[in-house]
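K.L.:
Everything below, folded, please.
(3 chains)
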Amino acid sequence: MIKNKMKNKIKLTAGDIIFNILNYLFFSIFTLICILPFYYLFINTISDNELAKRGLITLWPSGLHINNYIQVFKLRGLGQAALISIGRTVIGTALTVFASAFVGYLVTKQEMWGRKFWYRYIIITMYFSAGLVPWYMNMVALHLTNNFLAYIIPGIVAPFNIILVKTYIESIPPSLEESAAMDGAGIIRIFVNIIWPLITPILATIAIFCAVGAWNSFTDTLFLMTDEKFFTLQYVLYRYLNEANYLASIMRSGTNTGMVSAAQQLSARTIQMTISMVVVIPILLVYPFLQKYFVKGIMIGAVKG
Amino acid sequence: MSGRVTPKGKRFTIPVKYRLLLMLLPFVILITLFAYLPLAGWRFAFFNYRPGIPLKWSDFVGFDWFMTIVNTPARQAEIVRVVKNTLAMSGLGILTSWCPIAFAVLLSEIKNMRFRKVVQTLTTIPNFISWVLVYSFAFVLFSVDAGLVNRLLMDMGFITRGINFLLESDHIWLKMTAWGMWKGLGWGAIMYLAAIAGIDQELYEAARVDGAGRFRQMWNITIPGLLPTYFVLLMLSIANLINNGMDQYLVFRNAMNKDTIEVLDLYVYTLGFGSGTTTGIPFATAVSMLKSIVSITLLFAANSLSKLLRGESII
Amino acid sequence: MKNFWAAITAALIAMAMLAGCGGTASQSVSTAQSDQSEQSSQATALQSADPEPAGDTAREEYRIDVYSQLANYAGEQVGWFAKMVKDKFNLVLNIIPTGDGVFATRMSSGKLGDLILFGNNGQEFTDAIEAGMLLDWYEGDLLESYGKDIKEDLSVALQFNADTFGGGTKCYGFGHNVATSSQYSESAFYHPDIRFDIYQEIGSPEIADLMGYLDVLKQMVDARPTSDSGLPAYAISLFPDWDGDTVMSVKCMGAFYGYDEFGFTLYDVVENTAKPVLDEDSYYMAGLKFFNKAFQMGILDPDSATQTFQDVCTKYADGRVYYSIFSWLGPSNYNTPDSLAAGKGMFAVAAKDQKNVVYGTNIYGGNRIWSIGSRAEQPERIMELINWLCTPDGVMQSTHGPQGITWDYDANGKAYLTELGIATIGDPNTAMPEEAGGGLWQDGQAKMNNSTFTTDEINPVSGEKYNRDFWESELKREPSAAKVKWQEAFSVLSEDEYLENLNLKVVAIGSDFVKDTRSADLESKYIQVSTAIKDGSWRAIYASSDEDFGKIVADMIEQAKGFGYDECVAWDMEQAQERAEAVARTLAMNE
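P.N.:
Numbering: from 1, shown residues only, chains lettered A, B, ... in the order given. Model prediction:
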């Protein structure tokens, strides 16, 4: 209360006002630039398909209809695929967030035997790439083909997230943890009661990164899953977005016969656009919910009390 | 710790340094399974390996595939060119890496929460749109006759004939950096927004009591609070100097701008898989081996540099 | 904070539950699978005891993995084709499409699929044979008992495969578009189509040769400078994303003058010799000059180098481009019922000296191979399926839909499309009746996407081609106003007739030629040379003057040679020699 009153009493200087105006202006313009392509996709999906097909929808929609959306929602297997996508996103994110927090915390503990080595052992894998075939053979050996766990387990230990958590924990005043240790709390208790609440903002960030990554990935499905009950939403939609690419690769292979039928198989571009919309919208709906964990800011003092 | 606190415990307790390691062990096993085991595939780089055909039937070729990168004068010129592009664009990326910080700091100065949330959500949109779609949108913007930009310029009388902006080969490095920034700025700022949220609010209170203005608070509290995260990310991006992906450059590449747009990843992709055959696998493996080695060397070099300059090691 | 905790806890619980379910689910699946495989192996045992497949209707359902490099569909085949295959053979087809790296990973796991369709007969096919992934069709009584029609009607194609890939004694399948005679030609798709209404508007001027074409196109653009929606129109609009070894549209200029694409050479289908593309007097160079001239005249779409195939389709649909290289590019986008009714349309008009390449029918089959996986549990049932696809009934039903529903034979034994059949052509999203499997027409189309006989083969049942465009019933259907004008101008009915009557075509004889696979080293050179030629060609098309053009071409040649162009061409020339010999064999046989 007192704080608020104090804040109100501070008079805004001319510099502050100009700064505010410029700041709002900047963000308004930048936001506009960011949503332009999205807007363009959107007006094309709701406009008359004949006009869209001829490339005439550029600024305003015309001949509004929602048939494209109806058609996309009628795509076969979409329900099951959405379920798998949600499943892998929720479970994968929960496990990765937990693992990143825990590992990130553990590697800050100086007492650990060979701490530096193990930390580096995990971190440098970020720069490994064994190639597609060895990766695949490994997954086959681990029985992770046509298996839901293939979506979850490989992503649990995420070096990048671990670095983020470690850095974050190190920026917290160590006094908190030390006082808890004095009270005789064990490692797990300190992690659960002290560390976890403090690092919520970075965990929310990681959760967003993981969730978006899990939601958007389709290559694992492409290589590992042949049974349609494990197809994800992104994969089902990828097949449509890939049509032009597929056609081009058939054409490039050099034989010209049979092109006719292939060329006619392309589905309407508006359907592809609708599909891109359908995949992005869920992210935009969930994201604001996660945001509240890091817009507010936490009072370390409040946690102490 | 508890081991030490209760030394007269009834049972034997594992010393804390091993207990910590034991807790880490499951995760170490996971990373071994998924990141280290597949490295066995690096041996393919030394054979004329074709998938499905046992390695013992394949010819051992030693370092031939590594040498393919530089084995003719024409290829040497190519590799110099693409490495130059790669370093230039990664370098520009590093030079602009402070932008997400600025974005986050400025955004946190916006007091209208609703506006702030809307901006924060909507500026991440470009990150979700694949490069292929970004290009098709770029085409709508810049195509010669129907493109919005050309129409605007023509209506205002700046030009009489449309210009094919996508074909122009000038300032490709800057243009690509700009596209990359447009796509990644809002997304990249998320991390810093989280870091800002972690800054102890009492610091601001104290500064305000001392009469510090808005800019001084930003400069003395917010930005120093973000620097640890920034330095970590900076170091990671230094290690990633030669890995800047290829999707973006693949879609924007054309015959006119290819001299300056082709980066290492794209070059290797065209050379290794472009023709859709499996013969490129050993070559691609050899390149990714080299890249891993370079990246890890850079990582440790950056770390030593950080130790030297800032007195603290990051990894 | 509490909310966050609650969310995480809930997620963890959900995870634990789901993981549990997932585990059991996959377990039950695997048990089901092993059950199935046990049963199916029993079934196999029964089968081999009783070699009369047709009478056995109560067979176990057999689910096969169809790995098709020609498919862009993943998952179970559905709709009318699924029902056909299920009713006839109790088979369920699980389609696995390919993609960058998919072949490599499937090979490394040791199992490609049960039914395998190769996109070409190159390295991947020979690797699969070498790795033992493919079944030898000549082994045992597979063909005799389950592939009678294949053995009878496709024996040449089978033996060709055996001679080429199996040392004469082992056969690993056969290629697509097989014909029973090499005397005919397939329907043409290489012919220039132009906006015929505008061409007539400017008085249907004679077009003597390739360069003469440009003047006519210029007149057309001058007469109608804007499209249907008022945007600037161009004569020509190209796109780079389908470029293979060389720039696609440029090499097609060769195809207009009797040269088939052949690596870095163009193959003269009459003389049976090859010409390197970068030779000064090659048709590839002529094509480059043609497009550059068009650019300098301002009738080439400046977007050409930066747009994709889909962007070009949009432009054709709006009438922003007046010239099309392929019969299915311009016309299929512009000739909508509305434009045609309005008297506007794109139709074939060739320069007088053109000799458009038309592919001859091939008794050896093409390069998209039908094969069976060596680890398939019941190869005989897969063979039955392929066998059916090689019968007139199989070809007609898999292409045109269920007989009696979308098409049928009339009283005279000629095929015709039903109302529903005609509807499916107009709108592929037409619903199919329940008794035919339900769903939409296009969802039910065969997703493995390969052909056995060419559709230009004669259907022995009706005496007409399999291709419905040549059915009497289809030819009799009312042509549009725009088409009639074109037909009257040349007094022909179809494009094929036009090329035939006006002596505008040459036939590329189908032969048993198969390109060797390139060594890994040559392959990497090939890729870099190809990139240099493609980039150089595009730059040359955009050259602002003739000197500029000459300079760019010289640079391109120098760069290509630096990457090993000469070595690649030498290899191509050797291959061309082999092709010429193969063609000679076919010609000798035809006589």
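
K.L.:
Return the residues of the stretch 51-200 of chain A in contact with chain C.
P.N.:
A:53-56, A:76-77, A:87, A:90-91, A:93-95, A:97-98, A:132-133, A:136-137, A:140, A:145-149, A:152, A:197, A:200 (C-beta under 8 Å from any C-beta of the partner chain). Every C-beta, even on glycine, is put in place using the N, C-alpha and C of the backbone.

K.L.:
can you rerun that using 7 Å?
P.N.:
Neighbours of chain C within the stretch 51-200 of chain A, by C-beta under 7 Å from any C-beta of the partner chain: A:53-56, A:76-77, A:87, A:90-91, A:94-95, A:132-133, A:136-137, A:140, A:147-149, A:197, A:200.

K.L.:
Helices - which of those land there?
P.N.:
A:53, A:87, A:90-91, A:94-95, A:132-133, A:136-137, A:140, A:197, A:200 (DSSP state H).

K.L.:
In the stretch 101-250 of chain B, which residue sits nearest chain C?
P.N.:
residue B:166 (4.2 Å; C-beta to the nearest C-beta).

K.L.:
Spatially, and excluding backbone neighbours, which residue is closest to that residue.
P.N.:
Of all residues not flanking residue B:166 in the chain, residue C:306 sits nearest, at 4.2 Å (C-beta to C-beta, 6 or more residues apart in numbering or on different chains).

K.L.:
Give me the distance between the residue of the stretch 101-250 of chain B closest to chain C and residue B:254.
P.N.:
7 Å (C-beta to C-beta, to the nearest Å).

K.L.:
Need the residues touching each of those two.
P.N.:
residue C:306 (C-beta atoms under 7 Å, 6 or more residues apart in numbering or on different chains).

K.L.:
Please, a ChimeraX command that selects the buried ones among the residues of the stretch 51-200 of chain A next to chain C?
P.N.:
The buried residues among these can be selected in ChimeraX (16 or more other C-beta atoms under 10 Å in any protein chain shown) with this line:
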select /A:53,54,55,56,76,77,87,90,91,94,95,132,133,136,137,140,147,148,149,200
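
K.L.:
And residue B:85, which helix or strand is it part of?
P.N.:
helix B:73-95 (DSSP states H and E).

K.L.:
pLDDT value on residue C:333, please?
P.N.:
pLDDT for residue C:333: 86.

K.L.:
wait, doesn't it sit right on residue C:317?
P.N.:
Yes. Counting by C-beta atoms under 7 Å, residue C:333 does reach residue C:317; the two are 4.7 Å apart.

K.L.:
so the residue nearest to residue C:197 when sequence neighbours are not counted, which of the three states?
P.N.:
Leaving aside its sequence neighbours, residue C:197 sits nearest to residue C:344 (C-beta to C-beta, 6+ apart; 4.7 Å). Following DSSP: H, G, I helix; E, B strand; the rest coil, the label given to residue C:344 is coil.

K.L.:
before we move on, what about residue A:81?
P.N.:
helix.

K.L.:
So what's the model's average confidence on the top helix by length along chain A?
P.N.:
When chain A is parsed with DSSP H, its longest helix is helix A:14-46. On average, the pLDDT along helix A:14-46 is 91.

K.L.:
Can you confirm whether it lies near chain C?
P.N.:
No. Contact of helix A:14-46 with chain C (C-beta under 7 Å from any C-beta) is absent, the minimum separation being 11.1 Å.

K.L.:
Does that helix reach chain B?
P.N.:
Yes. Applying C-beta under 7 Å from any C-beta, one finds helix A:14-46 touching chain B at A:16, A:23, A:24, A:27, A:30, A:31, A:33, A:34, A:35, A:37, A:38, A:40.

K.L.:
other SSEs contacting that helix?
P.N.:
helix A:269-295, helix B:113-122, helix B:125-128, helix B:131-142 (3 or more C-beta pairs under 7 Å, 6 or more residues apart in numbering or on different chains; DSSP states H and E).

K.L.:
Make TSV out of those helices and add distance to chain C and mean pLDDT.
P.N.:
Below are the helices and strands packed on helix A:14-46 laid out as TSV (distance: least, C-beta to the nearest C-beta, whole Å; pLDDT from 0 to 100):
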stretch	distance to chain C	mean pLDDT
helix A:269-295	6	80
helix B:113-122	17	89
helix B:125-128	20	88
helix B:131-142	6	87
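
K.L.:
Out of these, which one sits most buried?
P.N.:
helix B:125-128 (a mean of 21; mean count of other C-beta atoms under 10 Å in any protein chain shown).

K.L.:
got the contact list for it?
P.N.:
With C-beta under 7 Å, 6+ apart, helix B:125-128 has contacts from A:34, A:35, A:38, A:280, A:283, B:182, B:183, B:184, B:186, B:187.

K.L.:
Most neighbours among those, which one?
P.N.:
residue B:186 (25 neighbours; other C-beta atoms under 10 Å in any protein chain shown).

K.L.:
Counting neighbours, what do you get for the residue nearest to that one when sequence neighbours are not counted?
P.N.:
Using C-beta to C-beta, 6+ apart and skipping the chain neighbours, the partner closest in space to residue B:186 is residue B:123 (2.8 Å). Per other C-beta under 10 Å, the neighbour tally for residue B:123 reads 23.

K.L.:
Now for residue B:123: which residues touch it?
P.N.:
Residue B:123 sits in contact with A:30, A:31, A:34, B:185, B:186, where contact means C-beta under 7 Å, 6+ apart.
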